[in-house]
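Asker: Build me a structure from this.
(chains A and B)
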Amino acid sequence: MSVLVFTENWDGKFKKVSFELVSYASKIAEMLNTQTVALSIGNVQDDELKKLGNYAADKIISVKNEKLNILDNQAYTSVITQVAEKEGAKVVILAQNNMGKALAPRLSVKLKAGLGAGVSKLPSSTEPFTVFKKVYSGKAYSNVVIKSDVKILTLAQNSFEFEENTKSPAIENFDANIGDIKTSVSNVKKQTGKILLTDAEIVVSGGRGMKSSNNWAPIEELAQLLGAATACSRPVSDEGWRPHEEHTGQTGKIIAPNLYIAAGISGAIQHLAGISSSKCIVAINTDKDAPIFEAANYGIVGDASKVLPDLIQAVKEIK
Amino acid sequence: MKILVCLSNVPDTTTKAKFVNDNKVFDTTGVQWIINPWDELALTRAIELKSDAANAIENITVITVGKNNVEPTIRKALAIGADNAVRIDAEPSDAYFVAAQIAEYIKSNPFDVIFSGIESADHNGSAVGGMLAEFLNIPSVSAVSGVSIVSGQVKITRDIDGGNEEVTSELPVVAIVQKGIAKEPMIAAMRGIMMARNKPLNVITPAEVEALTEIVNFEMPKPKPACKMIDPENVKELVNLLQNEAKVL
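Answerer: Reported below is the predicted structural model:
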């Protein structure tokens, strides 16, 4: 028996979410009185693999195979299933991100295991196995019982305070059986040197109150100063002022940074659905009755084009 | 080529969530029901693809799992431009149940491209598309922001961290789509609404499947403390609070 956790790496280095996942998995393993097995797929060297031991992994399984250099959901599902069966996994944990959303549902069917998607706490009980998750895009939560013997969970991002708890896990290289790959990938376009919106700890976002695409310089300057990603509300991406990748909200990106700064965003319910899991929200808006102030922790009633330069100045003074 | 679009019937995205019966049941009083926004974009893209004769798309079918209260939503999809509709007559109890039902239908009614939205606006499970593909043992591509057909081959744009890539897949394939797949959802024209009345809507009996999960109850988010207002002339105070009170800088 074990709890299996699927980790993700980026060019051979684990993403921060992987440590969060391993730490979360180890707490569930504790509840079930079993061990935590971390699975890494890809070209990750032993020095890096060992880092998973800092978050209480008992065992690390590494699968390196050229065929897995592209994300083929069927092949990945098959590899994770082989490992889950070999390790007698009762719970399999992935991130609630692009990769986790692509793989967890397939695993659910392959292992006939109920899926708790986007859980944000430890299970409130293991018998019955009850998880807590967001529904209605964050307007409410639900407690869900997973009835199957094996369970699949995806962990909502930035929802679990992970801690270091050092163990010295053994690393096992596993030679997975990989069948024919039915998809192929070409024309990879990847921006480098820019902070990813969904990974960012701080996000600076602009809305229609910025008035024109020409007024984005202070947003970009503040973001750069804070090491933040930039985002925008839906009207802004619909107008083409900013690329659709930046659209944050119910139908765009759902994010959960530590700090979200909303400049000139009124806070329509669909926008709030995309940002309400942020730890701290700052709102700058000319309308004191704008709904964004109900969601915000700190607010300034004022014109973003005047407030932002002052904010940039004030941040420079502490940096 | 045949396209299937999976639809979910969800509360309008401006709906405030309320619950009844000890917070066990979603309160549907006064709720407007719509096609799940991502499913609507998928349907829009399917219709755009069909409008180009070179793509040789014979037919667009929409499918949903639900009781007869979902018929207005599926009729709306026919009015927008789907050719025919299928309703599997059962309460959609969980994603596994829904995917199993749709998979059963597809086994005897094959399609080349199956669209599914990245998530539903109610349970936010992001699950049906991937589950469906696994039930059928066919490829799935998730985080899809573009689909086109180039000389009979389906080209899929998939979003990845910091960019995107082009995926070519064997058919049939399940494309799990998100924002970007179509610009704006298509709106039904009067002619479409009239025609929808005569388009086939096939109601079928569900297969024997057991759901793997069950909702115990719902909870409302904890109320947030009131927003602390800061004088626009004293932005330094904001930075001070972010640094020393919220500890996020």
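Asker: Contacts only, for residue 3.
Answerer: Because you didn't say which chain, this covers chain A. A:25-26, A:28-29, A:32, A:34-37, A:89-93 (CB atoms under 8 Å, 6 or more residues apart in numbering or on different chains). From N, CA and C alone the C-beta is placed, and that goes for glycine too.
Asker: You answered for a different chain; I wanted chain B.
Answerer: B:46, B:49-50, B:57, B:59-61, B:111-115.
Asker: One more: B:Asp159?
Answerer: Here B:Asp159 is in contact with A:98, A:245, B:143-145, B:178, B:180 (CB under 8 Å, 6+ apart).
Asker: again, only using 10 Å
Answerer: Residues near B:Asp159 by CB atoms under 10 Å, 6 or more residues apart in numbering or on different chains: A:98, A:245, A:253, B:142-146, B:165, B:178-180.
Asker: got it, and B:Gly152?
Answerer: Counted by CB under 10 Å, 6+ apart, B:Gly152 has contacts B:1, B:54-56, B:171.
Asker: now A:Lys316: how far from B:Lys199?
Answerer: A:Lys316 is 62 Å from B:Lys199, where distance means CB to CB, to the nearest Å.
Asker: again with A:Ser137
Answerer: For A:Ser137, the distance to B:Lys199 - CB to CB - is 31 Å.
Asker: And these two? Which one has more around it.
Answerer: In this view A:Ser137 and B:Lys199 are compared by other CB atoms under 10 Å in any protein chain shown, and A:Ser137 has more residues nearby, 24 against 16.
Asker: which of the contacts of A:Val3 tops the neighbour count?
Answerer: Result: A:Val92 is most packed of the contacts of A:Val3 (other CB under 10 Å), 30 neighbours.
Asker: Across the sheet, point out what pairs with the residue nearest to the spatial centre of chain B.
Answerer: Closest residue to the average C-alpha location of chain B: B:Gly117 at 3.2 Å, with CA atoms, centre = their mean. In this entry, B:Gly117 is beta-bridged to B:Val177, by DSSP bridges.
Asker: who's in contact with it?
Answerer: With CB under 10 Å, 6+ apart, B:Gly117 has these contacts: A:251, B:5-8, B:10, B:35-43, B:126, B:128-129, B:176-178, B:181.
Asker: If we use 6 Å, what do you get?
Answerer: B:36, B:38-39, B:42 (CB atoms under 6 Å, 6 or more residues apart in numbering or on different chains).
Asker: now swap in A:Gln35 and tell me
Answerer: A:Gln35 touches A:2, A:29, A:58, counting by CB under 6 Å, 6+ apart.
Asker: Ok, A:Ala314 next?
Answerer: B:235-236, B:239.
Asker: Parallel or antiparallel, which strands does the lowest-mean-pLDDT helix or strand in chain A pair with?
Answerer: Among the helices and strands of chain A, strand A:9-10 carries the lowest confidence by mean pLDDT, DSSP states H and E, at a mean of 90. Strand pairing for strand A:9-10, using DSSP bridges, gives strand A:13-14 (antiparallel).
Asker: Excluding chain neighbours, give the residue nearest to residue 123 in space.
Answerer: Looking at chain A here, since you left the chain open. A:Val131 (5.3 Å; CB to CB, 6 or more residues apart in numbering or on different chains).
Asker: nope, chain B please
Answerer: A:Val135 (5.5 Å).
Asker: and stretch B:41-50, which residues are buried?
Answerer: B:41-50 (16 or more other CB atoms under 10 Å in any protein chain shown).
Asker: Provide the contact partners of it at residue level.
Answerer: Stretch B:41-50 has contacts (CB under 6 Å, 6+ apart) with B:3, B:5, B:55, B:57, B:60, B:77, B:81, B:115, B:117, B:147, B:177, B:181-182, B:185-186.
Asker: Now, of those, which are buried?
Answerer: Here, 16+ other CB under 10 Å leaves B:3, B:5, B:55, B:57, B:60, B:77, B:81, B:115, B:117, B:147, B:177, B:181-182, B:185-186 buried among those.
Asker: Max pairwise distance over those residues: which two?
Answerer: The distance between the two most remote of the buried ones among the contacts of stretch B:41-50 (CB to CB) is 21.4 Å, for B:Asn55 and B:Gly117.
Asker: Surely B:Ile138 touches B:Pro172?
Answerer: Yes - applying CB atoms under 6 Å, one finds B:Ile138 in contact with B:Pro172, separated by 5.2 Å.
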